[in-house]
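*Asks:* What shape does this take:
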Amino acid sequence: MTKDGWIRRVPDFGKFSPLLPPLIDQSDSDLPAAPCPGAIAGMPEFTGDVRARTCFLFCCGIALLAKLYCAATTFGTNDTGLFAIYAEALYDAGLETTYATSQHFNHTPLLSSALMVLHFTAKMFGLSFPLLLRLPGILADLVTSLMLWRLLERHLPKRLNPAWCSLFALNPLSLMVSGYHGNFDSLLAMFLFLAAYHCITGRVEISALFFALAINVKIAPIILSPVFFFFWMARWQGGRFFILTTSLVLATWLIPLLQYPRLFFHNVLGYGSYWGVWGLTYWLRTTGYPPFHLVSFYGLAPIQEQIMLGLKLFVGAGILLIARRQAKAPATEIFTTLSIAWALFFTFAPGVLLHYLVWPSCFILLCSPRWYLGILTSSSVFVFISYTVVNGRLPWNAGIFRVEVLETWLPWSILPWLTFAAFFIALLTAKKTGHEILPVHVPMDADLKKGLELPLSNH
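*Replies:* Got it, this is the predicted structure:
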């Protein structure tokens, strides 16, 4: 293929690009925490007996087969088509030229390398690129489910009933996003969960590794960096976590930062999601005020840029405050701290695309099963209706998010947004209603407690 040939294709996305798609400072870690709002009272102890484990593994197998079947028999959304174009462009011309040619390409160097590998594999062995594209997310869901079981069996036996693990493995949101959509969000969610898991085990190096990998999938996890940093700083390992994470991220960013920094900052670090598709910016768009009408992430009116910047700063400051005040909570409550941060993010973020909804699922489940069920239900309804609308019918095959159908599926985003907002309000008002934000404290194993307890002299 000639250079002119693929350069014309990248910016001319045609049908694929009209719309891609008071807190508690629990300074004494020996104090037990009361239930989180929505937590189920009297939750039975997690018993990983043979019957429960067999049922869970059966559910994992069913979910895996269902996602593989969906990935093998459908094309996916316009993201699949875009990634196919990106992968070919990267393979033929390299990362710098792809950044320069298309401002739509906002992915990290490591993910770009993965796309080139997928393109080479599909071309060399005659395999389906749409299937290969969705395999990492499908496998990531399986790993997350298995590690959730391990976490509950080994470290948090009183947090959830085994049935919740089976529900998580079979949840329809992951089936639709990982099995159909065609993106890497489930991979991001897996790396974040593993980073938090190793906060429980006290292994700062592995936690930093997985957090760096999450950032290298998409840059969005950077907003959660204060949560991990202050967690480890309260345990006298903040410097090590910061140095390891920064080194691992910069190792993959070094070439673009040195050779074409302007393109890298503009395309990757400057991406701020779409105005008008979620939350507050959606409501502003519905006012009919002309400067609020455009749905895009570039070419926005100055007032749109200012509002988006203000919301980003608010979310960032809020997560910083949450991280600082929750740092001294028991190590087992890292999942609740992350749930609070995600609730703030999904309530006030200027733009959220529907496949982002898989990011917080596992954390919210560990924080509050009832709220997880509500958020899962509302998110699944929104995603199902959206995919059905962009496909035009059932069954799904190629779903293109065209401007013509925007107003048909977009109003359904109100449903999960309101659920996230209600969850966040419940967390903020928990103390006033006689509950605490943190769920039931589970005593850690003796070896973990020895390594993770805060020194009393520092309280």
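
*Asks:* what residue is smack in the middle of the chain?
*Replies:* residue 359 (2.4 Å; C-alpha atoms, centre = their mean).

*Asks:* so that one touches residue 223, yeah?
*Replies:* No: Residue 359 is beyond contact range of residue 223, at 10.7 Å (criterion: C-beta atoms under 8 Å). All C-beta spots, glycine's among them, are computed from the backbone N, C-alpha and C.

*Asks:* Mind listing the shared neighbours of these two?
*Replies:* Counting by C-beta atoms under 8 Å, 6 or more residues apart in numbering, no residue touches both residue 359 and residue 223.

*Asks:* now residue 333: how far from residue 159?
*Replies:* To residue 159, residue 333 is 11 Å away according to C-beta to C-beta, to the nearest Å.

*Asks:* which one of those two has more residues nearby?
*Replies:* More neighbours surround residue 333 than the other of residue 333 and residue 159, with 27 against 22 (other C-beta atoms under 10 Å).

*Asks:* Surely that one forms part of a helix?
*Replies:* Yes: when DSSP: H, G, I helix; E, B strand; the rest coil is applied, residue 333 is found to be in a helix.

*Asks:* Can you list the low-confidence ranges for the stretch 101-250 of the chain?
*Replies:* Nowhere does the stretch 101-250 of the chain drop to pLDDT under 70.

*Asks:* if you set the cut-off to 90 instead, what comes out?
*Replies:* Applying pLDDT under 90 to the stretch 101-250 of the chain picks out residues 103-104, 156-161.

*Asks:* which ones are touching residue 112?
*Replies:* Residue 112 touches 86, 90, 95, 98, counting by C-beta under 8 Å, 6+ apart.

*Asks:* next helix or strand past the helix or strand harbouring the second one?
*Replies:* Right, the one you point to is residue 90. If you go by DSSP states H and E, residue 90 is part of helix 78-93. The helix or strand immediately downstream of helix 78-93 is helix 95-101, counting by DSSP H and E.

*Asks:* thinking again about what came up before, measure the residue nearest to the centre of the chain to residue 236 for me?
*Replies:* If you measure residue 359 against residue 236 using C-beta to C-beta, the figure is 29 Å.

*Asks:* Tell me where the stretch 201-350 of the chain has helices.
*Replies:* Here the stretch 201-350 of the chain has its helices, by DSSP state H, counting those that start in this stretch, at 204-217, 225-233, 238-259, 261-264, 279-285, 302-326, 334-348.

*Asks:* and if you look at the stretch 51-200 of the chain?
*Replies:* Taking DSSP H, counting those that start in this stretch to define them, one finds helices in the stretch 51-200 of the chain at 78-93, 95-101, 109-125, 129-154, 162-170, 172-176, 185-201.

*Asks:* Pick the most deeply packed of the ones you listed.
*Replies:* Among the helices of the stretch 51-200 of the chain, the stretch with the highest mean neighbour count (mean count of other C-beta atoms under 10 Å) is helix 185-201, at a mean of 24.

*Asks:* who touches the residue lying closest to residue 367 once chain neighbours are set aside in this structure?
*Replies:* Nearest non-adjacent residue to residue 367, counting by C-beta to C-beta, 6 or more residues apart in numbering: residue 339, 3.8 Å away. Taking C-beta under 8 Å, 6+ apart, we find residue 339 in contact with 360, 363-364, 366-368, 427.

*Asks:* mind checking how far the closest residue to residue 255 other than its chain neighbours is from residue 251?
*Replies:* With sequence-adjacent residues excluded and distances taken as C-beta to C-beta, 6+ apart, residue 255 is closest to residue 109, at 6.9 Å. Distance of residue 109 to residue 251, computed by C-beta to C-beta: 10 Å.

*Asks:* same deal with residue 345?
*Replies:* 27 Å.

*Asks:* Settle it for me: which of the two has more neighbours?
*Replies:* More neighbours surround residue 345 than the other of residue 345 and residue 251, with 22 against 13 (other C-beta under 10 Å).

*Asks:* Could you pull up the contacting residues of the more buried one?
*Replies:* The contact partners of residue 345, taken as C-beta under 8 Å, 6+ apart, are 223, 315, 319.

*Asks:* just these now: which is nearest residue 270?
*Replies:* Closest approach between these and residue 270, by C-beta to C-beta: residue 223, at 14.9 Å.

*Asks:* Now for the residue nearest to residue 171 when sequence neighbours are not counted, how many residues are close by?
*Replies:* Among residues not flanking residue 171 along the chain, residue 376 sits closest, at 5.7 Å (C-beta to C-beta, 6+ apart). Residue 376: 22 surrounding residues under other C-beta under 10 Å.
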